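Participant: Sharing a sequence plus its predicted fold:
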Amino acid sequence: MDPIIKCKGLNVFKEMLAGCGAGICQVIVTTPMEMLKIQLQDAGRLAQQRLILPSSSSTKVVATNPVLSRAYNVGPAVTKPISATQIAKDLFYSQGFRGLYKGLGATILRDVPFSVIYFPLFANLNKLGQNSLDGKASFFHSFLSGCVAGSVAAVAVNPCDVIKTRFQSLHKGANEETYSGIVDCARKIWVNEGPSAFLKGSGCRALVIAPLFGIAQMVYFVGVGEFVLGFSRFEVY
């Protein structure tokens, strides 16, 4: 007889607490990746800016940070592709291991609330479509639940994502703000750009997150995860 794992249903508070724990674990791995992604995205933008700006103003673009004085940040144009490995090495040599985790607090500010909102919302939406016989939701219902929960969570934490992206950007163009911390970043965005700036990109973010989590939860909740990992049957009470 296959062993049966029994677990009691969690209330909403415990679901949110579990999501909080998942978010904290996630940022340990994803913060360096987010950091490098933003630098790669900024590199092309600043290279194009240098082509447009007069040479007399180009000196304003380059900061005094050692990372920004590398070959891929100086000169009229970028002559060779920039790699994440190159940026990671420069950050590590100039700022140490700590450089890869710049913006850790801002990443926690985004990802922990996301998980706190997403996981309980998905669990309860998915529960609405569960079959009373086998306790599983349909293929389509799990996908739709993941899409809705992902979209809601993504839009809800979009202000945190805007702050995180601005704060982690090491490459500052001409006349761009620099930030001393998360609070300073939020204040300057509010004062200079208005409240609507915190929702920039929320639609695109929802379009990315919705199918991502919809597919992930759909695949898991139809039993593929248990089958691949060789888990035994679960019964939830």
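Facilitator: The structure has been received and is ready for your questions.
Participant: Look up phi and psi at residue 137.
Facilitator: In this entry, residue 137 is assigned phi and psi values of phi -80, psi 160 (degrees, to the nearest 10).
Participant: State the distance from it to residue 124.
Facilitator: 11 Å (CB to CB, to the nearest Å). To be clear about C-beta, it is placed using only N, CA and C from the backbone, and glycine gets the same treatment.
Participant: Compare the two and say which one has the larger neighbour count.
Facilitator: Between residue 137 and residue 124, counting by other CB atoms under 10 Å, residue 137 is the more crowded of the two (22 against 13).
Participant: Tell me if I'm right that that one and residue 131 touch.
Facilitator: Yes: taking contact to mean CB atoms under 8 Å, the distance of 7.3 Å between residue 137 and residue 131 places them in contact.
Participant: Give me the common contacts of those two.
Facilitator: Taking CB atoms under 8 Å, 6 or more residues apart in numbering as the contact rule, residue 137 and residue 131 touch no residue in common.
Participant: pLDDT below threshold where in the chain?
Facilitator: Flagging of the chain using pLDDT under 70 yields the residue ranges 1-9, 43-84, 132-135, 170-175, 221-237.
Participant: can you give me the helices for it?
Facilitator: 12-52, 84-95, 97-100, 104-127, 139-156, 158-168, 182-193, 202-221, 224-229 (DSSP state H).
Participant: Show me what the fourth one is packed up against.
Facilitator: With contacts defined as 3 or more CB pairs under 8 Å, 6 or more residues apart in numbering; DSSP states H and E, helix 104-127 has these neighbours: helix 12-52, helix 139-156, helix 158-168, helix 182-193, helix 202-221.
Participant: Taking helix 202-221 as reference, get the angle to that helix.
Facilitator: With axes from the mean of the first three to the mean of the last three CA atoms, to 10 degrees as the basis, helix 104-127 and helix 202-221 are set at 60 degrees to each other.
Participant: who's in contact with helix 104-127?
Facilitator: Counting by CB under 8 Å, 6+ apart, the neighbours of helix 104-127 from elsewhere in the structure are 10, 12, 15-16, 18-20, 22-24, 26-27, 30-31, 34, 137, 141-142, 144-146, 148-150, 152-154, 156-157, 160-161, 163-164, 167-168, 182, 185, 213, 217, 221.
Participant: ok, of those, which come out buried?
Facilitator: Buried residues within these, counting neighbours by 16 or more other CB atoms under 10 Å: 15-16, 18-19, 22-23, 26-27, 31, 34, 137, 141-142, 144-146, 148-150, 152-154, 156-157, 160-161, 163-164, 167-168, 182, 185, 213, 217, 221.
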